[in-house]
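Q: return a 3D structure for these sequence lines:
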Amino acid sequence: MIGLIASAEPDSPGGWTGTVALDDGSTIVLRGAPQIQLQTFSGQLQTGDLVLAGPGKPPAWWADLASKNRVHPSGAPSGATDVPDGLCWKIAGGAFDEGGAIHFSNGLLLKKTADFKVVYSWIPDPFPARSDDNFCVNRAGEVTTLDFIWEPY
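A: Numbering: from 1, shown residues only. Okay, here's the model as predicted:
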């Protein structure tokens, strides 16, 4: 399941779990720690976040991705509006390029877009990506860019 959060009722203030209404009118209950956890930047369920979720009720795994508009590469709030830019939701984590897909170290495999690119093209051998490197995911849940690479210097 892939959807944008239209509204969320967290279980606790600033919580990662709760009941979420998606933009297509469906509702999903995100309870407890998912079996697969992805590093995300929002820290909580917020309107405009992109939710990726597996099968089951509650889902066996899920991830909440914040819009690029709302976060800096460090993960600190940018002060920008919570309205997503409609183009990029952030995901981080060690990953391998598998041709038509990005395979994250937690096991998640997301398709790449045909025009996938490494934004910092001057960096030789950006793969495997490190845990702090950031990727951009589009509304369809496809990886569009390796958007930010932490330099080891």
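Q: wait, isn't I123 in contact with F148?
A: No. With contacts counted by CB atoms under 8 Å, I123 stays clear of F148, the gap being 10.8 Å. Yep, even glycine has a C-beta here, placed from its N, CA and C like the rest.
Q: which stretches of this protein have low pLDDT?
A: Within the chain, the set of residues satisfying pLDDT under 70 comprises 12-16, 32-43, 69-86, 150-153.
Q: ranges for the strands of it?
A: In the chain, the strands defined using DSSP state E lie at 2-10, 18-22, 27-30, 50-53, 62-65, 89-92, 95-97, 101-104, 109-118, 134-137, 143-148.
Q: I123 and F148: who's more crowded?
A: Neighbours per residue (other CB atoms under 10 Å) separate I123 from F148, with F148 holding more: 18 against 11.
Q: surely the more buried one and R130 touch.
A: No. F148 is beyond contact range of R130, at 10.9 Å (criterion: CB under 8 Å).
Q: what number of residues lie near the closest residue to T47 other than its chain neighbours?
A: Spatial nearest neighbour of T47, excluding adjacent residues (CB to CB, 6 or more residues apart in numbering): I5 at 5.5 Å. Neighbour count for I5, taken as other CB under 10 Å: 20.
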